[in-house]
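Undergrad: Give me a model of this one.
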Amino acid sequence: MAKFEMDTEFVRKLAEILEEKDLGEIELADGDRRIRIARPTVTYAAAPMAAPSASPAVAATGPAAAAGAGDIAKHPGAVKSPMVGTAYLAPEPGKPNFVVAGDKVTAGQTLLIIEAMKTFNPIKAPKSGTVVQILIENAQPVEFGEALMIVE
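TA: As a prediction, this is how the structure comes out:
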């Protein structure tokens, strides 16, 4: 197997193009040699729409399936997935979760991460409040628009 030599100046130029053109990634192939340069992406969960005058009560524990996922997704404090991927409640295996039910959070605080296409995307709190319910399990696949947590 031939030694793979890397032209670091070429890599720097690709990274500059990535920034200049505001691209997410560049991938080039030459025979069996490949190079991929990618910027980390940050995706924020959308802030909920105006809250109804009477907010429904939500239990502080248990997965969404137990309480009717359709009703929970309509909750004004529902933090919904902005993408399809795998949700992780902790920054890495063996580390404590970003948040647990009952935690007070501030707007912009990381609640969890979603891995999509080998990129870890932090999901931030859309508002300050209290995490009243975590609707998913660690390492669970999630769909676009799926309710992940309730923050009131």
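
Undergrad: which stretches of this structure have low pLDDT?
TA: Applying pLDDT under 70 to the chain picks out residues 1-5, 39-70.

Undergrad: ranges for the helices of it?
TA: Listed in chain order, the helices found in the chain under DSSP state H are 8-20, 64-67, 69-73.

Undergrad: right, and the ones you listed - which one's nearest Asn97?
TA: Counting by Cβ to Cβ, Asn97 lies closest to helix 64-67 out of these; the figure is 17.1 Å. For the C-beta atoms, the positions are set from N, CA and C on the backbone; glycine is no exception.

Undergrad: Surely Leu112 and Val100 touch.
TA: No. Shown here, Leu112 and Val100 do not form a contact pair, counting by Cβ atoms under 8 Å, at 11.3 Å.

Undergrad: tell me the domain ranges of the protein?
TA: 8-38, 64-151 (automatic domain parsing).

Undergrad: which of the ones you listed sits most buried?
TA: domain 64-151 (a mean of 17; mean count of other Cβ atoms under 10 Å).
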